[in-house]
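**Student:** What follows is a predicted structure for the sequence shown.
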Amino acid sequence: TMKISRGFAASSSMSEEDDDDDEETLATTTTTTTRENAPLLAKRQFRSRTFRKKGKKTFDVNDRELFDDAPPTELKPNVRVAQYESRNDERSLKAVSTAISANAGILLCKLGGYVVSGSPSMLAESVHSVADIANQALLRYGIVSSKRKPDATHNYGYHRERFVWSLISATGVFFLGSGLSISHGVNALTATGGPQAAENPEIALAILGASLALEAYSGYVAYDALKLNAIDRGMTIMQFIKSGRDPTSVSVLAEDAAAVAGCAVAGAAILAAKVTGVHAFDAAGSICIGGLLGVTAMYLINSNRLMLLGKSLGQDKMSLLNEKMRKDPVVSEVYLAKSEELGPGTFRYAAELEFDGTSIVNRFLDKDNNREAFREEFKRGVLENDAKIIDDALVGYGRRVIISVGDEVDRIEREIVELEPAIKYVDLETN
């Protein structure tokens, strides 16, 4: 076992002096522990030595805020940002849930239209709706999964789950939506005897009109979610979309926009085939719908790919943060500053700092009468010719300076987050 002490003076051998005006009261607490748990207890247990004058506390060498338990490694979240994120999640869930419900109704309409008309374009639209439902279910799962808390396996949390499932959803649109639609259209064009005429095209057109209305409503809900989230962040809609803070609503809006355009193309193809009697128009419409879905899917795939790579905060914001730290009274220089996006609107910032040791020490000594207190303690050790008192004072001084460095780092981290609330994790190292 070994003794654990924390504070200005670690020795239990101390002298007391009394006179008419001054009284010095000494309170000493020691803790015995094993070497295994010593580092943990050292943060919480220490000796206390208090100086009093005429019964009133004037200076407590050890019992200071500097000796509070170390702050948690995770930074305290900005309340306003947390509210933004909560509303963002609620709107995203509403958008994707509306899309799932709308596409379920649309699927039934389109399947009914295909059974009645036999239109290749109608079948392509039915396949599109099936792909939409499956993909939007994945998007919804991504929202729920990304809200899980950090754990021992994933120290920075699961924020990137949204990008992952949005990417998988976009891949599904590409293969299930685009691939099958194009394949079906090509097969209809190359079938023996040529493309077949659609039966009851009027019914198919009516169903497409209803589907277009539902898709448009779903798209409006997603657009409204993006608009409100952008307003919360003080951005335009385009800025918000490019920021990647809500990939779910962007995916829903893009897929719904493609669906609305697809309904229009399918309707035009069926109508052209009916008016001209050239049934190849219907099959060509299926191919055009597939191409439209393919372009949409490639846009979503590339957007989420870039997000998963972990983009930085941007040169402007990084320059602002670095300049802020360079002007800090305890920082001489900033090296190797980096940032990385961990999830929608969640960033990690890391940098190596060259600290100004003289400034740190002076700020510590100027705080809470520390300079005078240490002078008195060193003076007492010299006058009494007691090496133990001097050694204890040196140890206490060194320990307190180290703690003050930690306090300065905590302060800098808080200021960084205040300047850029999107930063959730700050890693600062001494150069």
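**Tutor:** Okay, I see it.
**Student:** wait, isn't Y156 in contact with L342?
**Tutor:** Yes - contact criterion Cβ atoms under 8 Å: Y156 and L342 qualify, at 5.1 Å. The C-beta positions use only the backbone N, C-alpha and C, and glycine is treated the same way.
**Student:** shared neighbours of those two, which are they?
**Tutor:** R348, Y425 (Cβ atoms under 8 Å, 6 or more residues apart in numbering).
**Student:** Now do the same contact list for the nearest residue to K324 once chain neighbours are set aside.
**Tutor:** Among residues not flanking K324 along the chain, L419 sits closest, at 6.0 Å (Cβ to Cβ, 6 or more residues apart in numbering). Going by Cβ under 8 Å, 6+ apart, L419 touches L320, L321, K324.
**Student:** So Y156 and L342 - more neighbours on which side?
**Tutor:** L342 (18 against 15; other Cβ atoms under 10 Å).
**Student:** three-state assignment of the more buried one?
**Tutor:** Three-state call for L342 (DSSP: H, G, I helix; E, B strand; the rest coil): strand.
**Student:** so where's the stretch 51-200 of the chain shaky on pLDDT?
**Tutor:** For the stretch 51-200 of the chain, the stretches with pLDDT under 70 are 51-81, 120-122, 124-125, 128, 192-199.
**Student:** As a check, name the ranges of all helices in it.
**Tutor:** 79-117, 120-146, 161-172, 180-190 (DSSP state H, counting those that start in this stretch).
**Student:** Quick check: bridge partners of the residue nearest in space to the middle of the chain?
**Tutor:** For the chain, T346 is the residue whose C-alpha lies nearest the centre (Cα atoms, centre = their mean; 2.4 Å). With DSSP bridges as the criterion, T346 is bridged to G343.
**Student:** how close does it get to D427?
**Tutor:** 14 Å (Cβ to Cβ, to the nearest Å).
**Student:** so what pLDDT did E23 get?
**Tutor:** The model reports E23 with a pLDDT of 37.
**Student:** Using TSV, lay out the helices of the stretch 51-200 of the chain together with mean neighbour count and distance to N362.
**Tutor:** Below are the helices of the stretch 51-200 of the chain laid out as TSV (neighbours: other Cβ atoms under 10 Å; distance: least, Cβ to Cβ, whole Å):
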stretch	mean neighbour count	distance to N362
helix 79-117	19	34
helix 120-146	24	46
helix 161-172	23	47
helix 180-190	19	72
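**Student:** Nearest to V330 among those helices would be which one?
**Tutor:** helix 79-117 (26.6 Å; Cβ to Cβ).
**Student:** Next, the angle helix 120-146 makes with the closest one.
**Tutor:** Here helix 79-117 runs at an angle of 160 degrees relative to helix 120-146 (axes from the mean of the first three to the mean of the last three Cα atoms, to 10 degrees).
**Student:** helices or strands next to helix 79-117 in the packing?
**Tutor:** Judged by 3 or more Cβ pairs under 8 Å, 6 or more residues apart in numbering; DSSP states H and E, helix 79-117 is in contact with helix 120-146, helix 201-233, helix 247-276.
**Student:** after the last one, next one along is what?
**Tutor:** The helix or strand immediately downstream of helix 247-276 is helix 280-308, counting by DSSP states H and E.
**Student:** For that following helix, which residues meet the burial criterion?
**Tutor:** 280-290, 292-294, 296-297, 300-301, 303-304, 307 (16 or more other Cβ atoms under 10 Å).
**Student:** pLDDT averaged over stretch 274-290 - what is it?
**Tutor:** The average pLDDT for stretch 274-290 rounds to 85.
**Student:** residue ranges with poor pLDDT in the stretch 301-431 of the chain?
**Tutor:** Within the stretch 301-431 of the chain, no stretch has pLDDT under 70.
**Student:** mind listing the helices for it?
**Tutor:** With DSSP H, counting those that start in this stretch as the criterion, the stretch 301-431 of the chain has helices spanning 315-326, 357-365, 370-383, 387-419.
**Student:** mind giving me JSON lines with the ones you listed and columns for distance to V260?
**Tutor:** Shown next, in JSON lines, are the helices of the stretch 301-431 of the chain (distance: least, Cβ to Cβ, whole Å):
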{"stretch": "helix 315-326", "distance to V260": "36"}
{"stretch": "helix 357-365", "distance to V260": "61"}
{"stretch": "helix 370-383", "distance to V260": "69"}
{"stretch": "helix 387-419", "distance to V260": "41"}
